[in-house]
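S.K.: Structure, please.
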Amino acid sequence: MSVLQTEKPAWMTEDVEIFANAVGKFCEKELEPYIEGWEKAEIVDREVWNKAGAAGLLCPSTPAEYGGGGGTFAHEAAFIHELGKRGITSFGASLHNAIIAPYIFHYGTEEQKQRWLPRMASGELIGAIAMTEPGTGSDLQAIKTTAKLDGNEYVIDGSKTFITNGQAANLIIIVCKTDPAGGAKGTSLVIVETDEADGFRRGRNLDKVGLKGQDTSELFFDSVRVSTSNLLGDTPGAGFVQLMQQLPAERLQIGLQGVAMMEAALELTIDYVKERKAFGKAVMDFQNTQFKLAEAKTKTTIARVFCDYCTGLLLEGKLDAATASMAKYWVSDAQCEVVDECLQLYGGYGYMNEYPIARMYRDARVQKIYGGTNEIMKVLISRTL
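M.R.: Prediction:
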C-alpha cells in the first residue's frame, strides 16, 4: 500500500487497475531482475520489447483496430506509475507508448496507421522522436535539419542529439524543415524506418549522469531518402502545430514519472530509517527525520493529486499547455528535492550505488531539463498572466 492517503481518481477504473496489475507482474519477472545489467550495458535487451509486445503492454492507448490495447491515457499513466515505483528508468517504452504512437494515431493517414502502429504494438518497431539538435536545445523553431522534396521523395540532411531509444529505435519521427524559409510553418514531421534507410547513422550512446540503462544517442542523416508518403499526415508544414498539440501529454508524462519516483523514494526511506540505528535509537525517532519526511510526504501528495487532476483533464481533452507546464516544472523540482532529502537520511549509504536511492538521485535530475527546460515551462505559464 502506498504511503500516501489520496483518493483513487475517477479515471482509475477496474479495467485500468487490471492493466496496472499485469504491468506490475511483467516488471517483476522481465524488468526488475535486469536493471543492474542494463545499466552496465547502457541499453535494454532488444528481446524485452518483443516480450512486452507479446504481453500486450505496448501501445495500450492505441485503438485495437491498429493492434493496440484499445485503452486511454489512463492506461499510459498506470504503465508509467508501475515502472516508476520500481525504479525502472531504463526501459523507454513510455515514450514509445504515450508519445510516438499518439503522433501517428492523431496525425497519420489511414495507410500510415495501418503500416506502423501494429508493428509498434508487437515490438517489431521501436519508436523515437528526433527533436533536439546540438545547437538548438529547447528552441524547436531553430532546427536546421532539412527534408528537401526531390520528385516523390524527401532527402533528409542534418543531425540530432539526446534522442531517447536512439540506439534501439528503428522508427524515428524527425522534426525537420520542409521549407527552411517558412519558420514554424515550414516545419514538418517525417518518419524514417532506419532498417531501410541509406545514409542514416547512429552516433555515440551518450555517457550521461543518470538514466544509465537508457540508450540516448546522436543521430545523423546524410541524404537519407524516404517516400513523400513518410510525411506524417498529408500536409507539409503542419509539424510545429502537431508538436505543440502533443507536448502537453509529454510534459504530463514527465510529471507522472516524477510522482512515481517520489513515492518510491519516500517508501524506501521510511523503511530504512525505521531499521537504521544511530546514537542508540532508530533514525526515525529523531525529530529532524520526522520533519523531513513530513515535508517529503506533503510534496509527494500534492504532486500526486495535481498529476491525477491533470490526467483527468487530458482524458477530457482539456489539458492546456500552461497547466501541463505547471505539472512538469513543479513536480520535477519537487522530485529532486524529495529524492535529495531522502538520500540525506541514508547518510553515507545513500551515496552508494548499491542502494536504489542513489540511482534515483542520478536519474531525477534530467526531469528538469528534457521535454522543455523548467525555465521554458515558466515562460509558457507566464503568458497566461
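
S.K.: Please verify my assumption that Thr161 contacts Glu218.
M.R.: Yes. Thr161 is within contact range of Glu218, at 4.9 Å (criterion: C-beta atoms under 8 Å). The way it works is simple: take the backbone N, C-alpha and C, and place the C-beta from them, glycine included.

S.K.: shared neighbours of these two, which are they?
M.R.: By C-beta atoms under 8 Å, 6 or more residues apart in numbering, Thr161 and Glu218 have these common neighbours: 203, 206.

S.K.: neighbour count winner among the two?
M.R.: Thr161 (21 against 18; other C-beta atoms under 10 Å).

S.K.: show me where the stretch 51-200 of the chain has helices.
M.R.: Along the stretch 51-200 of the chain, counting by DSSP state H, counting those that start in this stretch, helices occupy 73-84, 93-95, 101-107, 110-122.

S.K.: Make a markdown table out of those and add mean neighbour count.
M.R.: A markdown table is the format used below for the helices of the stretch 51-200 of the chain (neighbours: other C-beta atoms under 10 Å):
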| stretch | mean neighbour count |
| --- | --- |
| helix 73-84 | 25 |
| helix 93-95 | 23 |
| helix 101-107 | 21 |
| helix 110-122 | 19 |
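
S.K.: So which of those helices is nearest Phe291?
M.R.: helix 73-84 (25.8 Å; C-beta to C-beta).

S.K.: quick one on the thing from earlier: is it possible to export the helices of the stretch 51-200 of the chain to CSV including mean pLDDT and distance to Ala64?
M.R.: As requested, these are exported to CSV (pLDDT from 0 to 100; distance: least, C-beta to C-beta, whole Å):
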stretch, mean pLDDT, distance to Ala64
helix 73-84, 97, 12
helix 93-95, 96, 19
helix 101-107, 97, 12
helix 110-122, 98, 9
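
S.K.: Please identify which of these is closest to Glu65.
M.R.: Among these, helix 110-122 sits nearest to Glu65 (C-beta to C-beta), with 8.6 Å.

S.K.: that older thread, wait, which of the helices of the stretch 51-200 of the chain is closest to Gly183?
M.R.: With C-beta to C-beta as the criterion, Gly183 lies closest to helix 101-107 of those, at 19.8 Å.

S.K.: Identify the residues contacting that closest one?
M.R.: Applying C-beta under 8 Å, 6+ apart, the contact partners of helix 101-107 are 59, 61-63, 66, 68, 112-113, 116-117, 120-121, 127, 129, 173, 189, 191, 232-233, 238, 242, 245-246, 249.

S.K.: Kindly export that helix (C-alpha atoms) in CSV.
M.R.: What follows is helix 101-107, C-alpha atoms only, in CSV (Å, rounded to 0.1, in the frame of the first residue of the first chain):
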residue,chain,number,x,y,z
ALA,A,101,2.3,6.1,-31.2
PRO,A,102,-0.1,9.0,-30.5
TYR,A,103,1.6,11.2,-33.1
ILE,A,104,0.9,8.5,-35.7
PHE,A,105,-2.6,7.9,-34.5
HIS,A,106,-3.7,11.5,-34.3
TYR,A,107,-2.0,12.8,-37.4
